[in-house]
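Can you look at this prediction? I've put the sequence above it.
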Amino acid sequence: SGRWADQGESWGTNTFDGADAYKKHNNNALRSEMLVTPGEDTALTLAADYFEYTNDVTPWRREVPSGFFDYNQDLNADMKGETWGVSARIEHDFDFAQLVSISAYRDVEQSSTLDIDQGPTPFQHGFFTSYQDAFSQEIQLVSQDSGKLQWITGLYYFDREARFDPVEQRGLILTLAFSPALYSFQGYNTQETASYAAFAQATYELFAYTNVTLGIRYSRDEQDYEGHTQQYPASGTPAVIVSPTATDDFESDKSTYRVVLDHQFSPDVMGYISYNTGYKTGFFNIAGFPADSAGPEHLDAYEVGLKSEFLDNRLRLNMAAYYYDYQEVQALYLLNGLAVAINAGSAEVKGFEAEATAVPLDDWNTRLGLNWMPDADYDEYTPCPGPQNPPYVFPPGSAVYDCSGSRMINAPEWDVSLGTDYTIPTSVGNFN
């Protein structure tokens, strides 16, 4: 399959030079899959994909009130990149279980320019060139028996190298922040990640139509950082100042759990209640000078819901109420135009979500999703960064605030989605 997309006309204009603003220039993708069956008990699925894109990098605050999508910047910011990946899934059936192997590799390259000050003067510009390559391997053993006990167990390994080569700053801010004044400040940072996990989950039929599920996962993560900076004086003398190489590392591990109780009220209606613990490993923010870091994030998640199907499976309705308790929330904030990583403290999220899927005609699907999140607040977030006073004037005044009680970012109270798709079956395959 393939996709080609070009926005055509832009939404707005950069009034500084009349260039397009808010425009996706091209987003092109290819994907292919192949199934091989070397034996009646073995199946091999090979997949490959490629994606390239060129998009505007739009500002997070507008300078020009003349149009909603207009802005006034001396640098036309953009982001270009390409990513490709391959994967192999092997399934083999034994009498008692199915053995599954999932191997994957992905490569990502991206470059972007950013007008950090978002104004018509060349005060602070950013240039970012990044590379990533990652490999993962998962082994699963899945029960074949259709009796009262169903189970799965497995191992997981993940290895990734990510680097900025480099992160660069230019602009008048370097003449104010450094003596002697600089033309360019560059950071070369690399982070290597290795993750290991073992997991198991079992579902047992307690009574007729009632099941309990228990799951456990042990994760161990290792992070290594290496980086240095290069400074280029505006005078050209010396040509470059190279800092000593900085190194750092940390390790973390965590056991997480899952408990679910479900009951089939009728052939078409199932209710459940669940408790899950979650863990997100810490990381080095390699876009910094030098790289800063955030520690692991932890989550306790409670959920109660219903899953149902009606009208001969042509209408599916799912709904759930949830409560999330976060500890050591990972966060990024901007300081002098650069992202800084921290652990923000604790937060609570309460909400309700519903999803409806309908099949009004064969091969035609429609979907409607609703999420209501009245509470998504930081219980504890002290200290947190405050605004720079005034912004983009050196030296910046960066106050420290108590953000406890503030709403979490990227957590809207209402979220509604609507989608539809139609499948055209043919002798050579399906077209969607």
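Noted; the coordinates are in hand.

Buried residues, stretch 201-209. List them.
Residues 201, 203 are the ones in stretch 201-209 that count as buried (16 or more other Cβ atoms under 10 Å). Backbone N, C-alpha and C define where each C-beta goes, glycine included.

please begin residue numbering at 13 from this point
Shifting the count to begin at 13 puts that one at stretch 213-221.

Give me the contacts around that stretch.
The contact list for stretch 213-221, computed with Cβ atoms under 8 Å, 6 or more residues apart in numbering, reads 160-165, 223-228, 270, 275-277.

Pull out the buried members of those residues.
162, 163, 164, 165, 223, 225, 227, 270.

closest to residue 28 among the contacts of stretch 213-221?
Within these, distances to residue 28 taken as Cβ to Cβ reach their minimum at residue 270, with 53.2 Å.

mind listing what that closest one touches?
213, 225, 226, 227, 228, 286, 287, 288, 289.

Extract the C-alpha set from whichever strand or helix holds the fourth one and format it as PDB.
Remark: residue 227 resides in strand 222-245, with elements defined by DSSP states H and E. Extracted as PDB, the C-alpha positions of strand 222-245 are listed here (Å, rounded to 0.1, in the frame of the first residue of the first chain):
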ATOM      1  CA  THR A 222     -17.100 -14.900  35.400                       C
ATOM      2  CA  ASN A 223     -13.300 -14.700  34.800                       C
ATOM      3  CA  VAL A 224     -10.300 -13.300  36.800                       C
ATOM      4  CA  THR A 225      -7.100 -12.200  35.100                       C
ATOM      5  CA  LEU A 226      -3.800 -11.800  36.800                       C
ATOM      6  CA  GLY A 227      -0.700 -10.400  35.200                       C
ATOM      7  CA  ILE A 228       2.900  -9.500  36.200                       C
ATOM      8  CA  ARG A 229       5.800  -7.900  34.300                       C
ATOM      9  CA  TYR A 230       9.300  -7.200  35.500                       C
ATOM     10  CA  SER A 231      11.200  -4.500  33.600                       C
ATOM     11  CA  ARG A 232      14.800  -3.400  33.800                       C
ATOM     12  CA  ASP A 233      16.200  -0.400  31.900                       C
ATOM     13  CA  GLU A 234      19.700   0.900  31.400                       C
ATOM     14  CA  GLN A 235      20.500   4.400  30.100                       C
ATOM     15  CA  ASP A 236      23.900   5.700  29.100                       C
ATOM     16  CA  TYR A 237      24.700   9.300  28.000                       C
ATOM     17  CA  GLU A 238      27.700  10.900  26.300                       C
ATOM     18  CA  GLY A 239      28.000  14.400  25.000                       C
ATOM     19  CA  HIS A 240      30.100  17.500  24.400                       C
ATOM     20  CA  THR A 241      29.600  21.100  23.100                       C
ATOM     21  CA  GLN A 242      31.400  23.100  20.500                       C
ATOM     22  CA  GLN A 243      31.400  26.900  20.600                       C
ATOM     23  CA  TYR A 244      32.200  29.100  17.600                       C
ATOM     24  CA  PRO A 245      33.300  32.700  18.500                       C
END
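
Just the mean pLDDT for it, thanks.
The pLDDT scores in strand 222-245 average 95.

Buried residues, that strand. List them.
Going by neighbour count (16+ other Cβ under 10 Å), the buried part of strand 222-245 is 223, 225, 227, 229, 231, 233-241, 243-245.

Same question for stretch 180-187.
180, 181, 182, 183, 184, 185, 186.

Need the max-distance pair from those residues.
The largest separation in the buried residues of stretch 180-187, counting by Cβ to Cβ, is between 180 and 184 at 15.1 Å.

coming back round to it: let me know the closest of the contacts of stretch 213-221 to residue 357.
Nearest to residue 357 among the contacts of stretch 213-221: residue 270, at 25.2 Å, using Cβ to Cβ.
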